[in-house]
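J.: Coordinates for the following, if possible.
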Amino acid sequence: MTVLEHTGAVLLQVLADPRALGLSLVGTVVGIVFGALPGISSTMSLAVLAPLTFGLDATQAMLFLMGVFNGSVYGGSISAILVNIPGTPGAIVTQLDGHPLARRGRAGEALGYATLASAFGALFGLVVFITVAPLLASVGLKFQSPEFTGLALLGLASLSAAMPGETFRGILAGLVGLLLATIGLDPLTNVLRFDFGSRHLAGGIAIIPAAIGLFGLAEVLANVGAGAARWEVIRTIRRVLPPWRELRETLPAAVRGSLIGIVVGIIPAAGSAIGVVFSWIQERRLSRHPERFGTGEPRGIVAPEACNNACIGGDLIPTMSLGIPGDSITAVLMGALLVQGLRPGPLLFRDHPAFVASVYVALAVAIVFTTVLGLLGARIFARALTIPKPVLLAGIAVLCVVGAYAVNNSLFDVGVMVVFGALGYAMARGGWPTVPLVFGLILGPMLEENLRRTLVVAGGDWLIYLRRPISLSLLLLSLVVALYPQYLERRQRRRAPDAEAPASEVVGQWTVRGEGPGG
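T.: Just a heads-up that it's a prediction; the model follows:
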């Protein structure tokens, strides 16, 4: 059976199983709440909650995780609109028009625009994911060790393109991740390396405890240092569905935002924060009344929200079909799949089509639940913003400890989580990006194993990479991707001082540089 044939069967099984639907519903609710709380990013949500799925089968785990994923990405718009603080980095632009519209007494309609645009973008991304991922995976089945080496290098090179102005630090952080990935058994000889005499390091550094520390505990530490202030919430929420005439006029903006989200999502490590800024700027440029943007313009909500949620499908395309994380969120998702004994990549589509179908179904069910909950539960989710910050942070810290321990029932993993939490906090305080470090941990084994296997087969001849068209193309593409940000930076320095700032720079009070310690 093909993946699509399995999809129909999996969908019927899920719809007939109350427990499966319940897992998706609970994941979506928790995801929305976590996403709505300022400072609790989607990456942090997934990292902290992923260990809860280790006792479930793969399909049930995906139902829960996709609910958390999609729900948290949408949830960031709630605090952006009601509190003027984005709950997630992908909602940094939603507040520019969402909060002004809420202050004009239309908070419910602002949430309605965000909810419907999120649903449109997520469905758009799902359709593209279902269409493109199998095609990309079929091409990936022709890859051998040289091509996988080039693919890993492309994933690492993409980090420099995703972090303009931080290329040098991003590369260094990625190298640290690659070095940490060498701990444990040698992939070709099974010789222990850098284990420091500890049996716990024989299998290397576990991805999930490291991710929980970098994206969870580090964010808790950062928020503890920021004080324990409450947020002032707009609680007057009347009608949620906007007028049909106004909603219809925003459809082109939703389409354009979704297209941008797909493109940004497919680019490894780009992150939705870049896409939402670009989509908002493009809508303002195309508008006959650009002066309305920033004062409560519905298209200023719809375009970035559609972009933000379309990035989900875009992120999953390279993650599932090639084994390269689309962003920090899917990097954590990859770690959860590895624990389940499933490695994302071309072989996943060939050997486990039913599981791939479960990913499609899980995301589709999560989109439906998110949309329904967003329209019916806006007032309820707004109350989550009144949780005292100390209580919230204490609860998340407990989840970090429990989640790290649950991976292998090991206190050593808790220690790993604490060490990486301190490292992530120190890196954030020093302005160092943490996402490249995680990418290095994930892509390091893939790069080392395939690089060394290629050289063994070729008798140490490095020119084998240049004699194979696909590997040569991937190496050249990696070089272009790595050098392109340098070209852009030089070009921007030569631009006139009054030129409009690019999408990667400041918009309002926010500077887009990817996701911080919380992802």
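J.: Would you map the helices across the stretch 151-300 of the chain?
T.: 167-180, 207-211, 218-225, 244-249, 251-266, 272-286, 299-322 (DSSP state H, counting those that start in this stretch).
J.: Format these as JSON lines; extra columns: distance to F369 and mean neighbour count.
T.: Yep, even glycine has a C-beta here, placed from its N, CA and C like the rest. JSON lines is the format used below for those (distance: least, Cβ to Cβ, whole Å; neighbours: other Cβ atoms under 10 Å):
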{"stretch": "helix 167-180", "distance to F369": "35", "mean neighbour count": "19"}
{"stretch": "helix 207-211", "distance to F369": "25", "mean neighbour count": "28"}
{"stretch": "helix 218-225", "distance to F369": "26", "mean neighbour count": "20"}
{"stretch": "helix 244-249", "distance to F369": "21", "mean neighbour count": "12"}
{"stretch": "helix 251-266", "distance to F369": "20", "mean neighbour count": "24"}
{"stretch": "helix 272-286", "distance to F369": "20", "mean neighbour count": "24"}
{"stretch": "helix 299-322", "distance to F369": "14", "mean neighbour count": "32"}
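J.: so which of these gets nearest G31?
T.: helix 299-322 (11.5 Å; Cβ to Cβ).
J.: Give me the helices and strands touching the closest one, please.
T.: Using 3 or more Cβ pairs under 8 Å, 6 or more residues apart in numbering; DSSP states H and E, the elements in contact with helix 299-322 are helix 58-82, helix 94-101, helix 107-140, helix 251-266, helix 272-286, helix 328-339, helix 346-351, helix 353-376.
J.: I'd like the mean pLDDT over the shortest one, please.
T.: Averaging pLDDT along helix 346-351 yields 84.
J.: Contacts for that helix next, please.
T.: Contact with helix 346-351 is made by 3, 133-134, 137-141, 143, 320-323, 342, 355-356, as judged by Cβ atoms under 8 Å, 6 or more residues apart in numbering.
J.: which residues sit in contact with S478?
T.: 150, 153-154, 156-157.
J.: err, V402, not the other one
T.: P51.
J.: one step back: need the helices of the stretch 151-300 of the chain in CSV (columns: distance to T94 and mean pLDDT).
T.: Output for the helices of the stretch 151-300 of the chain, formatted as CSV (distance: least, Cβ to Cβ, whole Å; pLDDT from 0 to 100):
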stretch, distance to T94, mean pLDDT
helix 167-180, 26, 83
helix 207-211, 26, 82
helix 218-225, 20, 77
helix 244-249, 17, 86
helix 251-266, 11, 89
helix 272-286, 7, 80
helix 299-322, 6, 90
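J.: Adding distance to A61, write those helices out as CSV.
T.: Below are those laid out as CSV (distance: least, Cβ to Cβ, whole Å):
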stretch, distance to A61
helix 167-180, 25
helix 207-211, 13
helix 218-225, 23
helix 244-249, 36
helix 251-266, 22
helix 272-286, 23
helix 299-322, 15
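J.: Of these, which is nearest F196?
T.: Nearest to F196, of all the helices of the stretch 151-300 of the chain, is helix 167-180, at 12.8 Å by Cβ to Cβ.
J.: elements contacting that closest one?
T.: Using 3+ Cβ pairs under 8 Å, 6+ apart: helix 167-180 touches helix 145-162, helix 435-457.
J.: just the ones you listed: most buried one?
T.: Looking across those with neighbours counted as mean count of other Cβ atoms under 10 Å, the highest average goes to helix 145-162: a mean of 24.
J.: now it and helix 251-266, what's the angle there?
T.: Relative orientation of helix 145-162 and helix 251-266, computed by axes from the mean of the first three to the mean of the last three Cα atoms, to 10 degrees: 130 degrees.
J.: I387 against A36, yeah?
T.: No: between I387 and A36 there is no contact under Cβ atoms under 8 Å: 10.0 Å.
J.: Compare these two (neighbour count), which wins?
T.: Using other Cβ atoms under 10 Å, the more surrounded residue of I387 and A36 is A36, with 28 against 15.
J.: I'd assumed A80 was in contact with that one.
T.: No: counting by Cβ under 8 Å, A36 does not reach A80; the two are 9.1 Å apart.
J.: give the contact list for the residue positioned nearest the centre of the chain.
T.: The centre of the chain sits closest to I329, judged by Cα atoms, centre = their mean, with a distance of 3.0 Å. With contact set as Cβ under 8 Å, 6+ apart, I329 has these partners: 42-43, 46, 69, 73, 315, 519.
J.: Pull up the gap between it and V68, please.
T.: Distance of I329 to V68, computed by Cβ to Cβ, to the nearest Å: 10 Å.
J.: repeat for L393
T.: 19 Å.
J.: Pick out whichever of these two has more residues nearby.
T.: Per other Cβ under 10 Å, whichever of L393 and V68 has more neighbours is V68, with 31 against 20.
J.: Need the nearest residue in space to the more buried one, chain neighbours excluded.
T.: G31 (3.9 Å; Cβ to Cβ, 6 or more residues apart in numbering).
J.: in stretch 413-426, what counts as buried?
T.: 413-414, 416-418, 420-421, 423-425 (16 or more other Cβ atoms under 10 Å).
J.: Present these as TSV; the columns should include distance to W432.
T.: Output for the buried residues of stretch 413-426, formatted as TSV (distance: Cβ to Cβ, whole Å):
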residue	distance to W432
D413	24
V414	24
V416	19
M417	19
V418	19
F420	13
G421	15
L423	10
G424	9
Y425	11
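J.: if we can go back for a sec, of the contacts of helix 346-351, select the buried ones using a ChimeraX command.
T.: The buried residues among the contacts of helix 346-351 can be selected in ChimeraX (16+ other Cβ under 10 Å) with this line:
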select :3,133,134,137,140,143,320,321,322,323,342,355,356
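J.: Run through the residues that contact G112.
T.: When contacts are counted by Cβ under 8 Å, 6+ apart, G112 is found next to 239-242, 375, 378.
J.: So it versus R238, what's the distance?
T.: Separation of G112 from R238 (Cβ to Cβ): 10 Å.
J.: What are the neighbouring residues in contact with L23?
T.: 56, 60, 63-64, 67 are the contacts of L23 under Cβ under 8 Å, 6+ apart.
J.: Next, count neighbours for G374.
T.: Other residues within reach of G374, judged by other Cβ under 10 Å, total 25.
J.: before we move on, what about A47?
T.: 37.
J.: any idea of the angle the strand or helix carrying it forms with helix 435-457?
T.: Taking DSSP states H and E as the definition, one finds A47 inside helix 42-49. Counting by the same axes, to 10 degrees, helix 42-49 points 70 degrees away from the direction of helix 435-457.
J.: which secondary structure elements does helix 42-49 contact?
T.: For helix 42-49, the packing partners by 3+ Cβ pairs under 8 Å, 6+ apart come out as helix 18-36, helix 58-82, helix 207-211, helix 328-339, helix 389-408.
J.: How far off centre is it?
T.: Per Cα atoms, centre = their mean, to the nearest Å, the displacement of helix 42-49 from the mean C-alpha position of its chain is 10 Å.
J.: where does the most far-flung residue of the chain relative to its centre land in three-state SS?
T.: The C-alpha centroid of the chain is most remote from G459, which lies 39.5 Å away (Cα atoms, centre = their mean). Recorded secondary structure, G459: coil (DSSP: H, G, I helix; E, B strand; the rest coil).
J.: One more: L342?
T.: Criterion first, three-state DSSP; result for L342: coil.
J.: hang on, isn't it packed against H352?
T.: Yes: counting by Cβ under 8 Å, L342 touches H352, with 6.4 Å between them.
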